[in-house]
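1. no sequence on this one, just coordinates:
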């Protein structure tokens, strides 16, 4: 018992030392809770309730997109090489996971309801996101850089994810649909810019929450990505004159945690066990790990002095964006994407554990 | 100007999305789009209409009406249907806020006056409406062939439904105007009292109708109604006590917990066959009168939680106003509505004299009784399902009346609140207390 307690305390210390927020990984807590509450376990959350939560998922996805958009817009002041390093790291991770899975799935002939290429790319995009890392001016340069890379490495996957989502929804002009989604996000962003700073109190809360809901709802209606509309709007709020991004961030803090909890619980509750999901799980974890290490190393070669050589080991804990994207895929193609949601959600838990084992030498507690 | 621009931009975005989006299938859920649209655009419409001294809720309603399926069709029928999901939560929250506004200690000495005023109003409504429906029955177009007991029973049923008020709309408007004072308290007490009477009267009259049409009387109905009223209060009081304990000992994330409490009351309450409105009212009563919270934490939570819920509730109500029913049965609806309005006015006039309330704002209380909404519609639906032959025309008439009263009621009540200076008094009282 004491041994277990000590190991648990060491785990918390390791996460804290890595700067991961919060110290207990939400994925490790809320996805299993969702599994327990879901139709395949206790049934407290029946399929009908999960269908109603679909609206909440769209709003939560848009909220996450807004955070990333604001981070991308605000971080335009940091060196472009850092953005390049984050993009390279994400690109390499996507490529490694996609090609490795493509080869493996073709060899194994796993029965899937979607083209193998689309499944491999989708998993590659889910694999590329990293957990947010807390860093302040007092922290070392390495952690601060890792924190910024973790924030910025979601931009490219969300853009690519928008196109993949259009393809999964059966769109014949996926790039055009994704571009239209960005335009919708930019327009709603403009609308928010006109309103947020000119209102206060409860009315401001209504406008911000309304904009988030509209971002999620418009994308869901068009069978597109709320992450993409949210990111576009967040970018507008960050780069537009005034302090709209600060207003939005302040309001979002009030709903961020309940929305993330609902997202993870819904992901857990909606998990459907299938042979295809089980086949995808282990390769996903393995290739993601490899992709992150190679991606971090490549970024450090391309942008020496900006990206540390052990960058990849900071980025192994996955965060919620991967699960969010998988859920978004499930919204547009429910049955076909069930194995992906299973692999990504279970894989996220495995990657969290892996992240605690592969700790950069500088932060060993 | 930025608000007008933002409203135009929001409408344009949603119109484009609906126009270019794929055709809706049963599997698609347009709820988030409708919800986001209603939150931004209805809130803006409410703020803009307030500039011409009309109530905000009229702005929300007009937004729903103009953009809804019967006019603009930007909010399509499936979107309007999805918007209704929030109704149960809204009713519970609105009633909870009403409970917070009822101070039993202050109200007790006036119970006799309130009963006299309410009794006179409801009594006059019942007697004259029943006489009117009985006399004019052959020309109403509902079921001209009915005679004797059957005609009397259906006329009495129609009277019961037409005489009903809307506690939800009245309470929502009080919450939205942050109103407090003698008129607010009097109106609130009477609409809640009338709602209780209505549930009871409707149950008894339905038994009479069943008897008149040869149906078997429902022996469990009286027990069911007793449970609905007493059980609602017991369930609500328990929920309120738990919430009061939460406020006292934890007091964190109060807006989320408040919304969860209302979701619990509306969700679990429906399964237990209790009336969410009464249960939530009882919960609010317990919190206010048994364990009043310290500080501004609940006030802030109510302000934060109430506005979005009210905006969506009224926008959804506007989107569901069936203008085709009003067009089809307009003349009769106008006559019945005019009669009802006159009788409410006359009943209050007599009641104030019987209760010797002539000096206060009681003469204006009739303006708070005009609205009709969900409860009335719910009763109409029960009739239409059980007796489709004559229930369907009654439903059409009631839908038209609700459309009229939803539009007129809030304007009248806000005007009364403005005349007595009670708008915003909730904030003024709290400011005074906190600065004392």
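-> Arrived safely. Small disclaimer: the values here were computed from a predicted structure and weren't measured.
2. got a list of contacts for stretch A:111-122?
-> With contact meaning C-beta atoms under 8 Å, 6 or more residues apart in numbering or on different chains, stretch A:111-122 is reached by A:94, A:97-99, A:101-102, A:105-106, A:160-161, A:164, A:167-168, A:275-276, A:280, A:325-326, A:329, A:333, A:335-337, A:339-340. C-beta coordinates here come from the backbone N, C-alpha and C atoms, glycine included.
3. hang on, I meant stretch B:56-66
-> Contacts for stretch B:56-66 (C-beta under 8 Å, 6+ apart): B:38, B:41-43, B:45-50, B:71-72, B:75, B:169, B:172-173, B:176, B:310-311, B:313-321, B:323, B:406-407, B:410-411, B:414.
4. and the stretch 101-250 of chain A, which residues reach chain B?
-> Applying C-beta under 8 Å from any C-beta of the partner chain, we find that the stretch 101-250 of chain A lies next to chain B at A:180, A:184, A:187-188, A:190-191, A:194-195, A:198, A:201-203, A:205-207, A:209-218, A:220-223.
5. Now do the same contact list for the closest residue to chain B within the stretch 251-365 of chain A.
-> As assessed by C-beta to the nearest C-beta, chain B sits closest to residue A:258 within the stretch 251-365 of chain A, at 5.9 Å. Applying C-beta under 8 Å, 6+ apart to residue A:258 gives the contacts residue B:256.
6. switch to 10 Å and redo it
-> A:56, A:60, B:253, B:256, B:259, B:260 (C-beta atoms under 10 Å, 6 or more residues apart in numbering or on different chains).
7. circling back: pull out the buried residues from the residues of the stretch 101-250 of chain A next to chain B.
-> A:180, A:184, A:187-188, A:190-191, A:194-195, A:202-203, A:205-207, A:209-218, A:220-223 (16 or more other C-beta atoms under 10 Å in any protein chain shown).
8. now, which of the contacts of stretch B:56-66 lie within helices?
-> Using DSSP state H, the subset of the contacts of stretch B:56-66 located in helices is B:43, B:45-50, B:169, B:172-173, B:176, B:310-311, B:313-319, B:323, B:406-407, B:410-411, B:414.
9. now the stretch 201-350 of chain B, which segments are flagged as low pLDDT?
-> Across the stretch 201-350 of chain B, the ranges flagged by pLDDT under 70 are B:215-222, B:224-225, B:294-296, B:303, B:326.
10. any idea where the helices of it begin and end?
-> B:220-226, B:232-249, B:254-271, B:276-289, B:297-319, B:323-328, B:330-354 (DSSP state H, counting those that start in this stretch).
11. Also the stretch 51-200 of chain B?
-> Under the criterion DSSP H, counting those that start in this stretch, helices of the stretch 51-200 of chain B are mapped to B:56-67, B:77-83, B:87-101, B:104-107, B:111-140, B:148-162, B:167-177, B:182-212.
12. Compute the distance between residue A:189 and residue B:227, please.
-> Counting by C-beta to C-beta, to the nearest Å, the gap from residue A:189 to residue B:227 is 52 Å.
13. no no, residue A:292
-> Per C-beta to C-beta, residue A:292 is found 60 Å from residue B:227.
14. Likewise for residue B:352?
-> Note on residue B:352: its distance to residue B:227, by C-beta to C-beta, is 35 Å.
15. same check, this time on residue A:275
-> 50 Å.
16. need the residues of the stretch 251-400 of chain B near chain A, please.
-> By the rule C-beta under 10 Å from any C-beta of the partner chain, the part of the stretch 251-400 of chain B lying against chain A is B:253, B:255-256, B:259-260, B:267, B:300, B:302-312.
17. buried subset of those?
-> Buried members of those, scored by 16+ other C-beta under 10 Å, are B:255-256, B:259, B:302-312.
18. can you pull the buried residues of stretch A:294-303?
-> Here stretch A:294-303 shows A:294, A:295, A:296, A:297, A:298, A:299, A:300, A:302, A:303 as buried, counting by 16+ other C-beta under 10 Å.
19. Surely the first one forms part of a helix?
-> The one in question is residue A:294. Yes. The assignment for residue A:294 is a helix, going by DSSP: H, G, I helix; E, B strand; the rest coil.
20. How many neighbouring residues does residue B:324 have?
-> 12 (other C-beta atoms under 10 Å in any protein chain shown).
21. That one reaches residue B:396, doesn't it?
-> Yes. With contact defined as C-beta atoms under 10 Å, residue B:324 reaches residue B:396; the gap is 9.2 Å.
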